[in-house]
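Q: The following block contains a protein sequence and its predicted model.
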Amino acid sequence: MAPDDSDQFLSQLAENNPELIQRVIGLQIENIEESGLDPRTHALVRIASLISVGAPAASFDWQVALALEAGASDDEIAGVLLAVAPTAGMPRVVAAAPLVAAALAA
């Protein structure tokens, strides 16, 4: 992305530009469809990946909301933390736990 493009993208994102939001959401829907996973499983897998990379709170807020909307339960979302602990490591899981809890409480 060229500097002018990134400035425009960030500006439109900050302004909640409906066309840009539609394009971003469209990419999300395409990703779900192309994965072959149902939306619930897709959202849970993405939460696991956020834990693995040490993502910020805003990422968890959005992905947990999508998981809940897709029918995942609070217990299933908490279970993701347990499931990834052996591979992501306890420090990542411990760091993600309050972020996931806050997203569930929102």
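A: Cool, got the structure. Numbering: from 1, shown residues only.
Q: Please count neighbours and contacts with C-alpha atoms only from this point.
A: Noted.
Q: ok, the spatially most central residue of the chain to residue 11 distance?
A: With distances taken as CA atoms, centre = their mean, the chain has residue 63 as the residue nearest its mean C-alpha position (3.0 Å). Computed as CA to CA, to the nearest Å, the residue 63 to residue 11 distance reads 23 Å.
Q: Tell me which residues of the host helix or strand of the residue nearest to the centre of the chain come out buried.
A: Residue 63 belongs to helix 57-69 when assigned by DSSP states H and E. Residues of helix 57-69 classed as buried: 57, 59-61, 63-68 (neighbour count, 16 or more other CA atoms under 10 Å).
Q: So which of these is the closest to residue 87?
A: Nearest to residue 87 out of the buried residues of helix 57-69 is residue 60 (CA to CA; 18.9 Å).
Q: Quick check: pLDDT value at the nearest residue to residue 106 once chain neighbours are set aside.
A: Closest residue to residue 106 apart from its sequence neighbours, by CA to CA, 6 or more residues apart in numbering: residue 61 at 8.0 Å. pLDDT recorded at residue 61 is 92.
Q: How about the contacts made by residue 61?
A: Counting by CA atoms under 8 Å, 6 or more residues apart in numbering, residue 61 makes contact with 99-100, 102-104, 106.
Q: For it, give its distance to residue 36.
A: Separation of residue 61 from residue 36 (CA to CA) stands at 24 Å.
Q: Just the buried residues of the contacts of residue 61.
A: Using 16+ other CA under 10 Å, the buried members of the contacts of residue 61 are 99-100, 103-104.
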